[in-house]
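**Q** Structure for the following, please:
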Amino acid sequence: MTEWRKLGLVVKPDPSLWWNRTHAMLPTPFHIEGSLWRIYFAGRNDANQSHVGWALIDLDDPATVIERASEPVLTPGRLGCFDDNGVLPSCLIRDGDETLMYFIGFKPGGTTRMDLYGGLAIAKGDGPFKRWSEAPILERNRVNPFINTAPWVVRDGDNWRMYYVAGTEWVHRDLPRYNIQIATSQDGRNWQRDGRVAIDFVPGENALARPYVYHDGTRWVMWFASKGEAYRARIAWSDDGLTWTRDEAGPGLEPTPGGPDSDMLEYFVVLPHKGRRVVFYNGDGYGEHGICAAVEA
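**A** Sure, this is the predicted structure:
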């Protein structure tokens with residue numbers, strides 16, 4: 001089993017920033033150059049509404065934040081839109097001179113606790129992120145009548161493939177069940193879904209969260225979190241990106257008693273660096289205390 005050296009909390013909320021009083025949720029990487037990465041995340045304001053900002057980190061010293069956004073790069077949408085009460089980053093990918101940010105839009109529910117759907121914002125060059133549409137790109141449809149969220153997108157040749165969290169039912173008002181499904185696209189903006197499941201539940205699981213998918217040079221790798229009583233790290237493999245096999249041993253990243261991840265681990269991103277992997281993730285409270293990091297020993 002892989003051993004990890006934990007670095008503790010790396011990106012913490014900054015109460016001096018109006019948009020980041022609490023939380024640093026859903027770390028989402030974007031490569032700048034060399035060993036420099038921006039880790040985008042969602043911070044919350046005094047009204048508990050999520051906004052998207054970032055922290056700049058050098059993987060040569062992943063425990064140190066070099067710089068961080070003073071203002072959010074994406075704020076909640078207009079009243080009545082799917083994201084009017086919060087936005088969270090989920091995936092960033094380059095497409096020519098554009099950067100596509102797939103994000104999660106949050107809206108309080110009625111008969112259920114919440115509604116979560118996937119949106120898209122695009123930045124040209126070094127310009128600001130602007131919504132491609134005020135409507136979600138990942139909304140309810142015939143095969144996905146519940147929540148549809150946390151899109152992670154990869155390019156595979158000329159094809160685009162999305163792994164996303166798809167609700168399968170609400171057990172009761174506060175308890176949704178969701179697995180990981182696959183969508184396809186020709187342009188990264190318009191998506192087709194047929195209900196194909198990438199990762200389904202095993203006994204004891206109620207939820208599968210935030211897929212993070214990359215190709216390691218040999219095969220496709222997916223990190224995700226599964227929840228029975230609490231979220232834990234899971235990993236799966238695929239030769240074609242469509243049919244997945246779980247590694248029952250898991251990635252070896254486990255809770256640390258007394259640490260910021262003593263109860264739960266979720267929302268992983270995995271960055272290779274000089275022959276080792278650096279993992280950023282959230283621990284207890286869904287990022288309430290910040291973003292944790294670990295380095296492959």
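
**Q** Give me the buried positions along stretch 271-285.
**A** Counting neighbours by 16 or more other C-beta atoms under 10 Å, one finds that the buried residues in stretch 271-285 are Leu271, Arg277, Val278, Val279, Phe280, Tyr281, Asn282, Gly283, Asp284. Quick note: C-beta positions are derived from backbone N, CA and C, even for glycine.

**Q** Okay, and the first one sits in which element?
**A** Spelled out, it's Leu271. Using DSSP states H and E, Leu271 sits in strand 266-273.

**Q** With the third one instead?
**A** According to DSSP H and E, Val278 maps onto strand 276-282.

**Q** now what about the helix or strand just after that strand, what contacts it?
**A** Counting by DSSP H and E, the element after strand 276-282 in chain order, helix or strand, is strand 291-296. Here strand 291-296 makes contact (C-beta atoms under 8 Å, 6 or more residues apart in numbering) with 2-12, 24, 27, 39, 41, 55, 62-63, 253, 260-261, 265, 276-283.

**Q** Now restrict these to buried residues only.
**A** If you count burial by 16+ other C-beta under 10 Å, the buried members of those come out as 4, 6-7, 9-12, 24, 27, 39, 41, 55, 62, 253, 260-261, 265, 277-283.

**Q** ok so, going back, tell me the angle of the strand holding Leu271 relative to strand 291-296?
**A** 50 degrees (axes from the mean of the first three to the mean of the last three C-alpha atoms, to 10 degrees).

**Q** Surely Met101 is in contact with Ala123?
**A** Yes - counting by C-beta atoms under 8 Å, Ala123 is a contact partner of Met101 at 7.2 Å.

**Q** returning to what we had before: summarise which helices and strands the strand holding Val278 is packed against.
**A** Under the contact criterion of 3 or more C-beta pairs under 8 Å, 6 or more residues apart in numbering; DSSP states H and E, strand 276-282 touches strand 4-11, strand 22-33, strand 266-273, strand 291-296.

**Q** Contact partners for Arg277?
**A** Residues near Arg277 by C-beta under 8 Å, 6+ apart: Val270, Leu271, Val295, Glu296.

**Q** Quick check: it vs Met222, distance?
**A** For Arg277, the distance to Met222 (C-beta to C-beta, to the nearest Å) stands at 14 Å.

**Q** same deal with Leu120?
**A** Applying C-beta to C-beta, the value for Leu120 to Met222 is 22 Å.

**Q** overlap in contacts of Met101 and Ala123?
**A** Common neighbours of Met101 and Ala123, counting by C-beta under 8 Å, 6+ apart, are Phe129.

**Q** now the helix or strand hosting Gly53 and strand 291-296, what's the angle there?
**A** Gly53 belongs to strand 50-58 when assigned by DSSP H and E. Put simply, strand 50-58 runs at 30 degrees to strand 291-296, going by the same axes, to 10 degrees.

**Q** Could you tell me how far stretch 61-73 lies from the centre of the chain?
**A** Using C-alpha atoms, centre = their mean, to the nearest Å, the mean C-alpha position of stretch 61-73 is found 18 Å from that of the whole chain.

**Q** Would you mind pulling the contact partners of it?
**A** The contact list for stretch 61-73 (C-beta under 8 Å, 6+ apart) reads 7-8, 10-11, 14, 17, 19, 36, 40, 43, 51-58, 128-129, 273, 278, 280, 293, 295.

**Q** Please save the CA atoms from it in CSV.
**A** C-alpha atoms of stretch 61-73 as CSV (Å, rounded to 0.1, in the frame of the first residue of the first chain):
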residue,chain,number,x,y,z
ASP,A,61,7.1,23.3,-1.7
PRO,A,62,3.4,22.3,-1.7
ALA,A,63,2.8,23.4,2.0
THR,A,64,3.4,27.1,1.1
VAL,A,65,0.9,29.4,-0.5
ILE,A,66,2.8,31.9,-2.7
GLU,A,67,-0.1,34.1,-3.6
ARG,A,68,-3.9,34.1,-3.4
ALA,A,69,-6.8,35.8,-5.0
SER,A,70,-7.9,39.0,-3.2
GLU,A,71,-11.2,39.0,-5.1
PRO,A,72,-13.3,36.0,-6.4
VAL,A,73,-13.0,35.1,-10.1
